[in-house]
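S.K.: sequence and computational prediction follow.
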Amino acid sequence: MAKITKLDDIVSLCKRRGFIFQSSEIYGGLASCYDYGPLGVELKNNVKKAWWKAVVQMRDDVVGVDCSILMHPLVWKASGHADKFADLIAECKKCNVRTRVDHLKEKVAEQAEEHTEHIAIDAAMAGTGNLGKKVCPNCGAVGQFTEPMPFKLMFETQMGANVDDSMTMQLRPETAQGIFVNFRNVLDTTRVKIPFGIAQIGKSFRNEVTTKAFIFRTREFEQAELEFFCEPGTDEKWYEHWKEQRFNWYLNLGIKKENLRFREHEANELAHYAKGCVDVEYKFPFGSGDWQELEGIANRTDYDLRQHQRGMRTLNKWFENDRKLANIGLADEAEDYQSGPLSYFDEEKKRRYIPYVIEPSAGMDRSTMAFLVDAYDEEEVRGEQRNLLRFHPAIAPIKAAIFPLVKKDGMPEVARKIYDDLKRYFNCFYDEKGAVGRRYRRQDEAGTPFCITVDGQTLQDQTVTIRERDSMEQIRVSTDQLRNHLREKLDM
RNA sequence: GCGGGUGUAGCUUAGUGGUAAAGCGCCAGCCUUCCAAGCUGGCCAUGUGGGUUCGAUUCCCAUCACCCGCUCCA
């Protein structure tokens, strides 16, 4: 059984094997930022490829996009992030515990709701005059709060080299909005028909109040998101469809069933626009052995497209107000919004409507860590401990390692030739140093599923051995069958 | 942000107000015809910055980072 029981074990493993390093480590590190090393980048790329293959390549009803991280400021006004993606937090002077102002209640007995809708900062500030009666949920002190502190959860940056004439922009806090904003472009250029989806993988940025647990909650992170557009009334069916698809994706890539579960959100923790939401959770071994979210699958209804129709109607007001978001509110929704610019015309039913959206949103860094943790194993072989990563071949950083059994008798030359051929098709690794057993074990630690060894017999009959990682068993295969054999085993 | 803890080689650890030690790993070589064998040699460390001191890795202060808990989790 795997001996990873603490986060430290994972951090150590990631460093030791070159998967993940602290960012800017030689400068003492930078909080919440991490770099993927040589094996890590292969692993994460493979996870992303596997997602893309399952969600885009293998489906007739999903297309992909890759949007810029910087977007028009009104996008975040329309999506709600500009106003609501900010919290007011007050700190209790007695016990120094910080609480979201909108979570504070006037009596101890009142249970603070776990997830309440965020309130625009201005409105919230106006409504905080009476913190004097509020109760600290931690120590029970009444009215002992500091002035509310606003928290900006979006990263800001400047666009424009001329400092006096630059515009403040936000780094996207989610990739989804790039998809909604391109809904019409995709409709107009790709002949897709509802139901269909648009997928994207990319970096997002959020100024988390606190970061947590290695790469689990970082301020810069990578998301894989699908917005699946469907006719209202069919959304429940598609919600169930994607729940099943996404859950099985993890299982098919080797995550152990007992470590994966759904957690359905309660009605009172749903975002105001969401009709339903479920998390795919993984049982990480650290902390209290907590289940942690890898992916959320939400029914976002027609909220986002409707909001962007409002955003488009706000454009003039924005120009008139000196391009200052603070001065303007989002325009009202048109009465005939159902036939607005982001609506869809169903040719068969001769009906125009705003589609509903099912959104599976997966954290690529989180799932990469889950695949790593789940694959880790230690076992005893002939009295020796063997450490290995039992990666599914599709996500293994190195697919095959090629060795000469010994470094003489022309074996290195033959092995080298095999390596040069195979590396055109798979990520391969060549090694001729030291005892072959040690080379096998090194590949076990990197999670390489197959090792190919050139031995004395190869020189006689052009066969090599293929040693399988998990069983350590070997078979002989003719060199001219090698590529096909591996391709089949690797499911590529 | 609060409380607690940690920081010595790539990793795991030892140790000391006076030359910083070991195992594993890694590199070079020898040997090796299938699972971390052996031999020889080699590389690499006190997070950063100050202070006290003749001398600090050790004591003090600050800072950075990480971990645990609280909090937060769009």
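M.R.: It's in.
S.K.: what about the residue of chain A found nearest RNA strand B, how many neighbours?
M.R.: Closest contact between chain A and RNA strand B, by Cβ to the nearest atom of the strand, is at residue A:437 (2.3 Å). For glycine as for every other residue, the C-beta is placed from the backbone atoms N, C-alpha and C. By the criterion of other Cβ atoms under 10 Å, residue A:437 has 9 neighbours.
S.K.: need the contact list for it.
M.R.: By Cβ atoms under 8 Å, 6 or more residues apart in numbering, no residues touch residue A:437.
S.K.: swap in residue A:275?
M.R.: Residue A:275 touches A:235, A:299-301, counting by Cβ under 8 Å, 6+ apart.
S.K.: same deal with residue A:418?
M.R.: Contacts of residue A:418 by Cβ under 8 Å, 6+ apart are A:402, A:452, A:454, A:464, A:479, A:482.
S.K.: so what's the closest residue in space to the third one that isn't next to it in sequence scoring on pLDDT?
M.R.: The shortest distance from residue A:454 to any residue that is not its chain neighbour, by Cβ to Cβ, 6 or more residues apart in numbering, is 4.2 Å, and that residue is residue A:415. Each residue has a pLDDT score; the one for residue A:415 is 95.
S.K.: checking residue A:415 next. Helix, strand or coil?
M.R.: helix (DSSP: H, G, I helix; E, B strand; the rest coil).
S.K.: what about it, neighbour count?
M.R.: 24.
S.K.: list the contacts of it.
M.R.: A:402-404, A:430, A:432, A:452-454.
S.K.: which outside residues touch stretch A:483-492?
M.R.: Contacts of stretch A:483-492 (Cβ under 8 Å, 6+ apart): A:393-394, A:399-400, A:421-422, A:425-426, A:449-450, A:466, A:477.
S.K.: out of these, list just those in strands.
M.R.: Judged by DSSP state E, those include A:400, A:450, A:466, A:477 as members of strands.
S.K.: got a markdown table for those residues, with neighbour count, distance to residue A:291 and pLDDT too?
M.R.: A markdown table is the format used below for the ones in strands among the contacts of stretch A:483-492 (neighbours: other Cβ atoms under 10 Å; distance: Cβ to Cβ, whole Å; pLDDT from 0 to 100):
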| residue | neighbour count | distance to residue A:291 | pLDDT |
| --- | --- | --- | --- |
| A:400 | 27 | 35 | 96 |
| A:450 | 23 | 34 | 97 |
| A:466 | 20 | 38 | 96 |
| A:477 | 16 | 43 | 96 |
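S.K.: can you name the helix or strand that residue A:318 falls in?
M.R.: helix A:315-320 (DSSP states H and E).
S.K.: remind me what that helix packs against, helices and strands.
M.R.: helix A:73-79 (3 or more Cβ pairs under 8 Å, 6 or more residues apart in numbering; DSSP states H and E).
S.K.: flag every buried residue along the helix it packs on.
M.R.: A:73-79 (16 or more other Cβ atoms under 10 Å).
S.K.: starting at the chain centroid, how far to that helix?
M.R.: Its chain's C-alpha centre and that of helix A:73-79 lie 22 Å apart, by Cα atoms, centre = their mean, to the nearest Å.
S.K.: quick one: that helix near RNA strand B?
M.R.: No: residues of helix A:73-79 contacting RNA strand B under Cβ under 7 Å from any atom of the strand: none, with a closest distance of 9.1 Å.
S.K.: residues contacting that helix, please?
M.R.: Here helix A:73-79 has contacts from A:82-83, A:85, A:154, A:167-170, A:173, A:177, A:180-181, A:304, A:307-308, A:310-311, A:314-315, A:318, A:323, A:325, A:328, A:330, using Cβ under 8 Å, 6+ apart.
S.K.: any idea where the strands of the stretch 301-450 of chain A begin and end?
M.R.: For the stretch 301-450 of chain A, the strands defined by DSSP state E, counting those that start in this stretch cover A:344-346, A:351-353, A:356-363, A:376-381, A:384-389, A:400-404, A:428-430, A:450-454.
S.K.: wait, does the last one contact RNA strand B?
M.R.: Meaning strand A:450-454. Yes: for strand A:450-454 and RNA strand B, the contact criterion (Cβ under 7 Å from any atom of the strand) is met by residue A:453.
S.K.: one step back: now the buried members of the contacts of helix A:73-79.
M.R.: A:82-83, A:85, A:154, A:169-170, A:173, A:177, A:180-181, A:304, A:307-308, A:310-311, A:314, A:318, A:325, A:328, A:330.
S.K.: now residue A:251: how far from residue A:40?
M.R.: 23 Å (Cβ to Cβ, to the nearest Å).
S.K.: the more surrounded of those two?
M.R.: residue A:40 (22 against 12).
S.K.: how about that one, secondary structure?
M.R.: Strictly by three-state DSSP, residue A:40 counts as helix.
S.K.: residues touching it, list them.
M.R.: A:14, A:18-20, A:368, A:397.
S.K.: what ranges do the helices span in the stretch 201-350 of chain A?
M.R.: Taking DSSP state H, counting those that start in this stretch as the test, the helices found in the stretch 201-350 of chain A are A:235-252, A:303-313, A:315-320.
S.K.: just those helices: most buried one?
M.R.: Highest mean neighbour count among the helices of the stretch 201-350 of chain A (mean count of other Cβ atoms under 10 Å): helix A:303-313, with a mean of 21.
S.K.: which other helices and strands contact that one?
M.R.: Counting by 3+ Cβ pairs under 8 Å, 6+ apart, helix A:303-313 packs on helix A:73-79, helix A:176-181, strand A:356-363.
S.K.: which among the contacts of residue A:275 end up buried?
M.R.: For the contacts of residue A:275, buried by 16+ other Cβ under 10 Å: A:235, A:299-301.
S.K.: rebuild those as JSON lines, extending it with distance to RNA strand B.
M.R.: Formatted as JSON lines, these follow (distance: Cβ to the nearest atom of the strand, whole Å):
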{"residue": "A:235", "distance to RNA strand B": "19"}
{"residue": "A:299", "distance to RNA strand B": "14"}
{"residue": "A:300", "distance to RNA strand B": "11"}
{"residue": "A:301", "distance to RNA strand B": "14"}
